[in-house]
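Peer 1: any chance you can model this:
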Amino acid sequence: MTKSVVLGLVLFVAGIVVGRVSVLMTQPESATPAAHPSTPSAPMAAPSAPMPAQAGAIRGRIAEVIQVPQYTYVRLESGDWAAVPSAPALAVGQTVGIVSQNEMVNFTSPSLGRTFERIWFGSLEGAEPAARAPEMPVMPAKAPPPAEVKAALQAVEASNALALRIVDVYSERAALTGQRVKVKGTVDRVTFVQGVHYVHLKDGTGAAADKTDDLLCLSTVEVAKGATVTLEGVVTLNKDIGMGPVAVVLDQALVR
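Peer 2: Residues are numbered from 1 along each chain as shown. This next block holds a predicted model:
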């Protein structure tokens with residue numbers, strides 16, 4: 001019986017020790033007294049991101065100056081590039097303040113043929129503000145080409161039309177109907193009626209007896225009497241021009 005009592009006491013003491021250890025291990029960390037309970041713990045600071053450059057005054061010593069007809073480009077020792085209305089007095093080593101108007105990225109200067117990764121457009125402190133970003137291209141209205149240039153372009157325009165003599169057009173008219181051909185000759189006479197030039201072309205072939213020496217060409221392009229020209233058009237049979245049908249004409253003729 002004495003052994004049973006002793007064993008019971010040992011188990012009782014062991015139970016108390018185990019229970020105390022369990023309580024200590026399950027206590028939350030917040031229950032542990034802080035070193036400075038009156039000062040709240042500060043959150044961890046997030047990594048700082050680079051702040052974008054803000055519009056305003058840029059100041060610094062000039063490291064490089066580039067002059068173009070209407071503007072002055074300067075690079076400051078900080079590495080910043082800026083452009084201001086033409087300021088020939090600026091020189092390397094001067095300290096300047098530039099009131100920036102706006103920033104452009106990957107700007108290509110037409111005068112320099114150079115692209116700036118980032119550049120500020122502005123004015124020198126104390127000067128009038130820049131009216132606009134420098135060298136912004138102004139696209140002129142496209143003017144039509146002068147008559148001489150237009151005529152030259154028409155003359156060299158590529159064409160796959162078959163070059164024939166006037167007598168060939170007459171003799172092969174059945175096969176050529178609807179085909180585009182080119183004929184070179186001298187303008188014998190021209191009549192202009194309601195926007196159409198009726199051009200009579202001769203090249204020395206054919207016969208006057210059956211009128212195969214004269215090819216009538218209908219064109220909206222003016223040609224002068226006596227001129228030697230190459231006309232390209234569509235071979236058309238029995239074309240009614242208001243005075244009865246004409247056996248063969250070169251319709252929609254253009255000067256080549």
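Peer 1: surely Ala83 is in a strand?
Peer 2: Yes: counting by DSSP: H, G, I helix; E, B strand; the rest coil, Ala83 is found in a strand.
Peer 1: show me where the stretch 101-250 of the chain has helices.
Peer 2: Ranges of helices within the stretch 101-250 of the chain are 147-156, 166-171, 173-176, based on DSSP state H, counting those that start in this stretch.
Peer 1: where does the stretch 51-200 of the chain dip in pLDDT?
Peer 2: Counting by pLDDT under 70, the ranges of the stretch 51-200 of the chain that qualify are 51-56, 100-101, 127-160.
Peer 1: the residue nearest to Ser111 when sequence neighbours are not counted and Arg118, how far apart?
Peer 2: The shortest distance from Ser111 to any non-neighbouring residue, by Cβ to Cβ, 6 or more residues apart in numbering, is to Val68 (4.0 Å). Glycine gets a C-beta too; all of them are placed from N, C-alpha and C. In this view, Val68 and Arg118 are 19 Å apart by Cβ to Cβ, to the nearest Å.
Peer 1: correct me, but Phe192 touches Val199?
Peer 2: No: Phe192 is not in contact with Val199 according to Cβ atoms under 8 Å; the separation is 9.7 Å.
Peer 1: counting neighbours, go ahead and name the busier of these two.
Peer 2: Val199 (28 against 10; other Cβ atoms under 10 Å).
Peer 1: any figure for the gap between that one and Val255?
Peer 2: Counting by Cβ to Cβ, the gap from Val199 to Val255 is 10 Å.
Peer 1: shared neighbours, these two?
Peer 2: 219, 223, 231 (Cβ atoms under 8 Å, 6 or more residues apart in numbering).
Peer 1: dump the residues you listed into JSON lines; add distance to Pro85 as well.
Peer 2: Shown next, in JSON lines, are the shared contacts of Val199 and Val255 (distance: Cβ to Cβ, whole Å):
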{"residue": "Ser219", "distance to Pro85": "55"}
{"residue": "Val223", "distance to Pro85": "55"}
{"residue": "Leu231", "distance to Pro85": "58"}
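Peer 1: was I right about Glu232 contacting Lys184?
Peer 2: No: the pair Glu232 and Lys184 does not pass the contact test of Cβ under 8 Å, sitting 10.0 Å apart.
Peer 1: name the residue in these two with the higher neighbour count.
Peer 2: The neighbour comparison of Glu232 against Lys184 (other Cβ under 10 Å) goes to Glu232, with 23 against 16.
Peer 1: show me the beta-bridge partners of Ile98.
Peer 2: When bridges are called by DSSP bridges, Ile98 pairs up with Ile58, Leu124.
Peer 1: ok, it - how many residues close by?
Peer 2: When counting by other Cβ under 10 Å, one arrives at 23 neighbours for Ile98.
Peer 1: which ones are touching it?
Peer 2: By Cβ under 8 Å, 6+ apart, the residues touching Ile98 are 57-59, 74, 82, 84, 120, 122-125.
Peer 1: let me know the closest of those residues to Asp188.
Peer 2: Closest to Asp188 out of those is Val84 (69.3 Å), distances taken as Cβ to Cβ.
Peer 1: since that was my last question, I'll sign off now.
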